[in-house]
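Q: prediction below, plus the sequence it came from.
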Amino acid sequence: MLMIMPPGHAATTGTPWRFSKREKWIVPAMAGLLAALAVAVGISLATSGHKSGNGCVDVAVAYSTGGSEIYRCGDAAKALCRSVGAPGGYTGDTARRVAVECRKAGLAIGKGS
């Protein structure tokens, strides 16, 4: 296949690219924006919410109409962990999630534990 180039094309391909005034301003601005975004993401990941441990329990529970976060510490966390499998307490998948988080916090699960 043969391509016919416009007159003067060879002369323009040999010259180095020169940034316009606008491009000279946009490149550092975008680099600064990306750096700020990276810092924001890093801070967000480093300071993410509650975690189970040291006598505190944090469980995210999903329901058919939405969900909720259960966060308890101290006696409230102990009561939460005792309610797993008890009548009127947590059962099924929710009970399994609560039990896993109670074990992470070092708390007894159910009334028999």
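A: Here it is on my side, so go on. Numbers count the residues shown, from 1 in each chain.
Q: where does the prediction get shaky in the chain?
A: Flagging of the chain using pLDDT under 70 yields the residue ranges 12, 111-113.
Q: which residue is nearest the middle of it?
A: By Cα atoms, centre = their mean, the chain has its centre lying nearest to residue 45, at 6.3 Å.
Q: so how far is residue 38 from it?
A: Taking Cβ to Cβ, to the nearest Å as the measure, residue 45 falls 11 Å from residue 38. Where you see a C-beta, it was placed from the backbone N, CA and C, and this is true even at glycine.
Q: same question, residue 54
A: From residue 54 across to residue 38, the span is 31 Å (Cβ to Cβ).
Q: pop the domain breakdown of the protein in here.
A: What automatic domain parsing lists as the domains of the chain is 21-49, 56-105.
Q: minimum distance to residue 3: which of those domains has it?
A: Residue 3 lies closest to domain 21-49 among the domains of the chain, at 28.3 Å (Cβ to Cβ).
Q: going along the chain, name the helices of this protein.
A: Taking DSSP state H, the helices of the chain run over residues 9-13, 21-46, 75-82, 92-105.
Q: Throw the domains of the chain into TSV and include distance to residue 7, thanks.
A: Formatted as TSV, the domains of the chain follow (distance: least, Cβ to Cβ, whole Å):
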stretch	distance to residue 7
domain 21-49	27
domain 56-105	67
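Q: tell me which of those sits most buried.
A: Burial of those is given as mean neighbour count (mean count of other Cβ atoms under 10 Å); domain 56-105 ranks first at a mean of 15.
Q: now the terminal residues of it, how far apart.
A: 6 Å (Cα to Cα, to the nearest Å).
Q: relative to the whole chain's centre, how far out is it?
A: From the chain centre to the centre of domain 56-105 is a distance of 22 Å (Cα atoms, centre = their mean, to the nearest Å).
Q: so what touches stretch 38-50?
A: Contact with stretch 38-50 is made by 56, 58, 69, 71, as judged by Cβ atoms under 8 Å, 6 or more residues apart in numbering.
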